[in-house]
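Asks: task: produce atomic coordinates for the following.
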Amino acid sequence: VNEVRHPKTSMDLEIRGTGGAATFVIGNEDHTLANGLRHILMNDSESVEFAGYSVPHPSDPKVNIRVQTWSNGTERKSAVQVLQDACTTLDSQCQHVLEKLEEMIPSVKEDSQRQEERMIEEAKREEEEDIMDEDDE
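Replies: Numbering: from 1, shown residues only. Just a heads-up that it's a prediction; the model follows:
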């Protein structure tokens, strides 16, 4: 496989900003986590005004996730709380997908085995037909 192994960074999390606007620098992550979180954040239109992410450089194993929340006069959700909620949502969605996949594995294995048996039978029939055709000539 053409997987590139990047060196790990010593930084796990850095928060730049306070209150309703912050950039979260998350070490040893990439587009996979960042895009999932961005998607969930943007679906929270009541709290989140802006959510985006960037990967500073492909060889630098970190992502920057920017979160800005709406200000409702005097009240404004913190960017930290909104990101924590998004992480919880993403975790529960991933758990749901894993559970469904694990439920389906036995039936997929059975289907695969049946299909393999049919293909073997079909190959044997074709081989027998080829032998019969050669005998007729």
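
Asks: so what's Ala86 closest to, chain neighbours aside?
Replies: Ile40 (4.4 Å; Cβ to Cβ, 6 or more residues apart in numbering). Heads up, the C-betas are built off the backbone N, CA and C, glycines and all.

Asks: and the one you found, what does it touch?
Replies: 86, 89-90, 93 (Cβ atoms under 8 Å, 6 or more residues apart in numbering).

Asks: and the strands in this structure?
Replies: 13-16, 21-27, 48-54, 62-69 (DSSP state E).

Asks: next, format these as TSV and append distance to Val80.
Replies: Shown next, in TSV, are the strands of the chain (distance: least, Cβ to Cβ, whole Å):
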stretch	distance to Val80
strand 13-16	7
strand 21-27	7
strand 48-54	13
strand 62-69	8
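
Asks: which of those strands is buried the deepest?
Replies: The highest mean neighbour count among those, using mean count of other Cβ atoms under 10 Å, belongs to strand 62-69: a mean of 22.

Asks: pLDDT score for the residue nearest to the spatial centre of the chain?
Replies: Nearest to the mean C-alpha position of the chain, counting by Cα atoms, centre = their mean, stands Thr32 at 5.1 Å. Note on Thr32: pLDDT of 94.

Asks: for the chain, longest helix please?
Replies: helix 79-136 (DSSP state H).

Asks: ok and it relative to strand 21-27, angle-wise?
Replies: 50 degrees (axes from the mean of the first three to the mean of the last three Cα atoms, to 10 degrees).

Asks: leaving aside the residues next to it on the chain, what's closest to Phe50?
Replies: Nearest to Phe50 is Gln68, by Cβ to Cβ, 6+ apart, at 4.1 Å.
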